[in-house]
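Undergrad: Here is the input, now give the coordinates:
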Amino acid sequence: MTTGILDYESDAIVQLMSMAEEDWTEKELKDALQRAIMLELSTIPPYATALWSITDPDNSKPVRHTIREIVFDEMSHFGLVCNMLTTIGGTVVLTDPATVPKYPGELPGGVNPGLTVYLSGLTRESAALFSDIEKPENPLAFAADGNTIGAFYQRIANVFPTFAHLITGQRQISFPLGSSHGAGNDIVPMNTIDDVLKAIDIIQTQGEGTTASPDNPFPGAPGELAHYYAFKEIAVGKELVQNPTTKKYEFTGPDVPLPDTSPVARVPQGGWADDPGNRPDQTTAGLLNDFNTSYSDMLRALEAAWGDGGAASIGEAIGHMGELRGTAQKLNGIKLPADPRFSYGPEWLFVQK
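TA: Numbers count the residues shown, from 1 in each chain. Here you go, the predicted structure:
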């Protein structure tokens, strides 16, 4: 099998999943890890855009707290997979225009086919989209099908031990995200196959839960749900509870009210400049450009971190993430010319130097 690595909109993950595990070579494993990195990165813009649309800045409030914790988890997953790739001699690619996320559009590699991921403020509908992104093969609350992220990671876990001899422990990043969230969220080096398999288990179960429980087994607090179920609660507007008679999990618990949000509209394909009725004025265009530049610089810093930049480049990337939040919130306060019921949102467009 030959798959080009720089093809976000390809069905390469579907192709990898169709291959027998014994036919995977070092090339397929590295290719799969690069695509897993692209997958993890693709979840952060929609989740962060929804988070930043919440107007109350109190991170302890239930829905805001939930989404913020999930964004931290996704950052952790991204870092862990980057470490998996570099420990076996691979190179993390983030700044080729073909690798960056495309919105609206499907997830990279053909995962969850037919699911269109878009950028908007937090609504019941966007929360439902997020739960679809995270869906397990066999969710405890209702049936689902299709090629899932969890199934792809399971294939990587099945194949990786065959190539354990490639693990070098080189170009590894350590970062203590767990100090602000639960166990399992630190970015840690991949020095052994056990490190790799533990990290994959964290990624799978934080996103999907287990076959026995919807809880995140690496929680920030007791009772924290895996991402799929946490987003589903927001989408449905009801807490997930276990029926005492049937023992099944059902979304029939107390209400989950949506917080107040800025009414951020769905970002159009290609950005707001491609929307004739909502082309930004000079001030808004400047904010959009500031956001896209910070986003692009963040990707460059992250790519450098897993090259030879190390902790200094990680610090630079975190600084850019802070810039993104502030600029997004400014955009959220600007009404659309064609429909002032809604406001602008960040585009997350990659800008080449």
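Undergrad: Which segments of the protein make up each domain?
TA: Following automatic domain parsing, the chain resolves into domains at 12-261, 262-353.
Undergrad: how about JSON lines for the ones you listed, with mean neighbour count and mean pLDDT added?
TA: For the C-beta atoms, the positions are set from N, CA and C on the backbone; glycine is no exception. Formatted as JSON lines, the domains of the chain follow (neighbours: other CB atoms under 10 Å; pLDDT from 0 to 100):
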{"stretch": "domain 12-261", "mean neighbour count": "19", "mean pLDDT": "88"}
{"stretch": "domain 262-353", "mean neighbour count": "17", "mean pLDDT": "95"}
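Undergrad: Just give the closest residue to the residue nearest in space to the middle of the chain, not the sequence neighbours.
TA: Centroid check for the chain by CA atoms, centre = their mean gives residue 43 as the closest residue, at 2.5 Å. Closest residue to residue 43 apart from its sequence neighbours, by CB to CB, 6 or more residues apart in numbering: residue 74 at 5.1 Å.
Undergrad: The one you found and residue 177: what is the separation?
TA: Distance of residue 74 to residue 177, computed by CB to CB, to the nearest Å: 11 Å.
Undergrad: so the residue nearest to the centre of the chain sits right up against residue 76, yeah?
TA: No - if you go by CB atoms under 8 Å, residue 43 and residue 76 don't touch, sitting 12.0 Å apart.
Undergrad: what's in contact with the strand or helix carrying residue 300?
TA: Per DSSP states H and E, residue 300 falls inside helix 282-304. Helix 282-304 is contacted from outside by 82, 92-95, 100, 271-273, 280, 309, 313-314, 316-317, 320-321, 323-324, 327-328, 330-331, 334, 344, 346-353, using CB atoms under 8 Å, 6 or more residues apart in numbering.
Undergrad: Now with 7 Å, please.
TA: Outside helix 282-304, the residues that touch it by CB atoms under 7 Å, 6 or more residues apart in numbering are 92, 94-95, 272, 280, 313, 316-317, 320-321, 323-324, 327-328, 330-331, 334, 344, 346-351.
Undergrad: And the next helix or strand past it?
TA: Once helix 282-304 ends, the next helix or strand along the chain (criterion: DSSP H and E) is helix 310-332.
Undergrad: give the contact list for the residue in the chain sticking out farthest from the centre.
TA: Most distant from the centre of the chain: residue 245, at 35.9 Å, with distances by CA atoms, centre = their mean. Contacts for residue 245 (CB under 7 Å, 6+ apart) come out as none.
Undergrad: For it, what are phi and psi?
TA: Per-residue torsions, residue 245: phi -90, psi -50 (degrees, to the nearest 10).
Undergrad: what does residue 239 give?
TA: phi -70, psi 150.
Undergrad: any idea how far the closest residue to it other than its chain neighbours lies from residue 224?
TA: Leaving aside its chain neighbours, residue 239 sits nearest to residue 253 (3.2 Å; criterion: CB to CB, 6+ apart). Distance of residue 253 to residue 224, given as CB to CB: 15 Å.
Undergrad: cool, and residue 297?
TA: Look at residue 297 and residue 224: by CB to CB, they are 32 Å apart.
Undergrad: swap in residue 149?
TA: From residue 149 over to residue 224 the distance is 19 Å, taken as CB to CB.
Undergrad: Kindly report the same for residue 177.
TA: From residue 177 to residue 224 the distance is 15 Å (CB to CB).
Undergrad: Please apply the same query to residue 353.
TA: Distance from residue 353 to residue 224, by CB to CB: 40 Å.
Undergrad: my read: residue 185 touches residue 73, true?
TA: Yes - using CB atoms under 7 Å, residue 185 is in contact with residue 73, at 6.2 Å.
Undergrad: quick one: contacts for residue 230?
TA: The contact partners of residue 230, taken as CB under 7 Å, 6+ apart, are 66, 70.
Undergrad: ok, back up a step: state whether the residue nearest to residue 43 is indeed within a helix.
TA: Yes - using DSSP: H, G, I helix; E, B strand; the rest coil, the assignment for residue 74 is a helix.
Undergrad: for the closest residue to residue 119 other than its chain neighbours, helix, strand, or coil?
TA: Excluding the flanking residues, the one nearest residue 119 by CB to CB, 6+ apart is residue 267, at 4.2 Å. Following three-state DSSP, we place residue 267 in the coil state.
Undergrad: One more: residue 163?
TA: Looking at residue 163 with three-state DSSP, the answer is helix.
Undergrad: That one and residue 327, how far apart?
TA: Taken as CB to CB, the span from residue 163 to residue 327 is 42 Å.
Undergrad: And for residue 96?
TA: Taken as CB to CB, the span from residue 96 to residue 327 is 24 Å.
Undergrad: what about the strands in the protein?
TA: 241-242, 249-250 (DSSP state E).
Undergrad: closest to residue 262 out of those strands?
TA: strand 241-242 (31.1 Å; CB to CB).
Undergrad: How far away from the center of its chain is the closest one?
TA: 27 Å (CA atoms, centre = their mean, to the nearest Å).
Undergrad: Contacts made by that strand with the rest, please.
TA: 249, 250, 252, 253.
Undergrad: doesn't residue 236 make contact with the last one?
TA: No - in this structure, residue 253 sits apart from residue 236 without contact. The criterion is CB under 7 Å, and the distance is 9.8 Å.
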